[in-house]
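A.B. asks: Pasted the sequence and its predicted model underneath.
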Amino acid sequence: MSIKTDLIIYNLSEIVSLPQVVRGFAKEKDLGIIYDGFIAIKDGKIFYVGERKDLYKFDASLKIDAENSIAIPGLIDPHTHLIYAGAREDEYEMILSGAEYNEILSRGGGITRTMRETSKTSLDMLVKETVKRIYEFVKSGVTTIEIKTGYGIDIDSELKLVRALEIVRRDVEIDVIPTLLAHVIPPGFERKEFIDRFVSTLIPEAVKKDFLFIDVFCDSGAFNVDESRKILSNGVSAGLKARIHADELAYIKCSDLGLEIGSVSIDHLNNTPREVLEKIAKSDIVAILSPTTSIYIAKKMPDVYTLLRNNGIIALTTDHSPALMNLDMIETMNLASIYFSLPPANIIAATTVNAAYSLRTEKIGSIKEGFQADLVILNVKSYRYIGYLRKRDLIKYVIKRGRILYRSSNQKL
Ligand SMILES: [Zn+2]
């Protein structure tokens, strides 16, 4: 008698299971590869992972022949600014043609333009646009996504974003992890006034709506270290966990604040001194890095090798925002290969198990029995093709809690 399950995926040349967080340069054993294996899924969870020789013991209502391709955990983007209205494609073009961002900002463009457009847009429309973007991410293998607030032009419109994110989280089939972000001081506010109201109004509301994280854009031109400390420590006292944008544009000791406050992640790190990177690498803080932001906005690569040589935990992000609309996690992996010289094993760990750890979300990020059945089936025969083979249709299937959310047009069921 075979064991009845819901879905079996077999003929997998490699199942890259990633059983635990990967520190430093990933070794092959960190990947936990099962060769020529199969995955049995039941009730949305991984029921069994094994080698072909045991396949006969299981049966399923749906079976997928993976035709010698690989399975990796569903991809996780741990840092996005996905909830906003409008676009800034004209500004992107201007910057590429030599304009300075500050020039655009002083003419009412940049982030303040997004804040105005977001504030004018109805809650329903914000939800609709964000859901659409989420399903674009799904096509690139994403099964869990973190989304930050932060484009409201005043406290009321920030409250609208908190509410919209609560609805988005409920309405989509993938996991959405909400973060309350102190982004910039909106035009017309005194710094202290905005921070006080952020702390007294937005933090309690985010806690009420089950937000998990508080984040601050700590940088030159955004919040300084003392302001960021005030926001983060109030968030932590209210029960949220801290994340921090640090050293993207300049080093004003924001990464040191991340260390001091025990942030779960320190994101960007483009201008961080080596000795601070070494401290981050030796801690349990996840360094979240964005290739697109490094290329287009920071115009400087983070020192990835110092993080890896000191056994740091690295995760990758699109850092999707209206400044540059990257909805493609596979492209992010490819860019990390070229611009960060990140080896393929690290790229996979950085977009799965390590990203899951930074989100403190259990039962995702690894292919393990009892974990959510979140999987991506990639049309390659080895994980070593990640970053190396660039083509359309790299993804065959994206599976969330055992359901196929996406399959490439040439995959039949
Ligand atoms: Zn960001």
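C.D. replies: Sure, I can see it.

A.B. asks: Spatially central residue in this structure, please.
C.D. replies: In the chain, the centroid-proximal residue (CA atoms, centre = their mean) is D77; its distance is 1.8 Å.

A.B. asks: measure the residue nearest to it when sequence neighbours are not counted to S337 for me?
C.D. replies: Of all residues not flanking D77 in the chain, I145 sits nearest, at 4.9 Å (CB to CB, 6 or more residues apart in numbering). In short, each C-beta sits where N, CA and C put it, glycine included. In this view, I145 and S337 are 21 Å apart by CB to CB, to the nearest Å.

A.B. asks: Comparing those two, which shows the higher neighbour count?
C.D. replies: Each of I145 and S337 has its neighbours counted (other CB atoms under 10 Å); I145 has more, 28 against 19.

A.B. asks: what about that one, which SS state?
C.D. replies: Assigned with DSSP: H, G, I helix; E, B strand; the rest coil, I145 falls in the strand class.

A.B. asks: do D6 as well
C.D. replies: strand.

A.B. asks: And L159, how far from F198?
C.D. replies: 11 Å.

A.B. asks: Neighbour count: those two, which is higher?
C.D. replies: Neighbour count, other CB under 10 Å: between L159 and F198, F198 has more, with 24 against 17.

A.B. asks: Which parts of the chain belong to which domain?
C.D. replies: 3-73+365-407, 75-358 (automatic domain parsing).

A.B. asks: I'd like those domains as JSON lines, with mean pLDDT appended.
C.D. replies: Putting the domains of the chain into JSON lines (pLDDT from 0 to 100) gives the following:
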{"stretch": "domain 3-73+365-407", "mean pLDDT": "97"}
{"stretch": "domain 75-358", "mean pLDDT": "97"}
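
A.B. asks: what ranges do the helices span in the stretch 201-350 of the chain?
C.D. replies: Assigned by DSSP state H, counting those that start in this stretch, the helices in the stretch 201-350 of the chain fall at 203-208, 225-237, 254-261, 274-282, 291-293, 304-309, 329-339, 344-350.

A.B. asks: what would those look like in JSON lines with distance to L7?
C.D. replies: As requested, those are arranged in JSON lines below (distance: least, CB to CB, whole Å):
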{"stretch": "helix 203-208", "distance to L7": "36"}
{"stretch": "helix 225-237", "distance to L7": "40"}
{"stretch": "helix 254-261", "distance to L7": "41"}
{"stretch": "helix 274-282", "distance to L7": "39"}
{"stretch": "helix 291-293", "distance to L7": "33"}
{"stretch": "helix 304-309", "distance to L7": "36"}
{"stretch": "helix 329-339", "distance to L7": "23"}
{"stretch": "helix 344-350", "distance to L7": "22"}
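
A.B. asks: Which among those is found nearest to D36?
C.D. replies: helix 344-350 (18.8 Å; CB to CB).

A.B. asks: helix, strand or coil for Y48?
C.D. replies: Of the three states, Y48 takes strand according to three-state DSSP.

A.B. asks: Grab the nearest non-local neighbour of it.
C.D. replies: Among residues not flanking Y48 along the chain, A40 sits closest, at 4.3 Å (CB to CB, 6+ apart).

A.B. asks: What residues of the one helix or strand the one you found maps to count as buried?
C.D. replies: In this structure, A40 is located in strand 33-42 according to DSSP states H and E. Using 16 or more other CB atoms under 10 Å as the test for burial, strand 33-42 gives 33-34, 37-42.

A.B. asks: just checking, what packs against that strand?
C.D. replies: Counting contacts by 3 or more CB pairs under 8 Å, 6 or more residues apart in numbering; DSSP states H and E, strand 33-42 packs against strand 3-16, strand 45-51, strand 58-73.

A.B. asks: Please produce TSV containing the ones you listed, extended by mean neighbour count and distance to R390.
C.D. replies: Compiled in TSV, the helices and strands packed on strand 33-42 are given as follows (neighbours: other CB atoms under 10 Å; distance: least, CB to CB, whole Å):
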stretch	mean neighbour count	distance to R390
strand 3-16	20	19
strand 45-51	19	28
strand 58-73	19	16
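
A.B. asks: Distance to S228 added to those, as TSV?
C.D. replies: Listed next are the helices and strands packed on strand 33-42 as TSV, based on distance: least, CB to CB, whole Å:
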stretch	distance to S228
strand 3-16	37
strand 45-51	39
strand 58-73	32
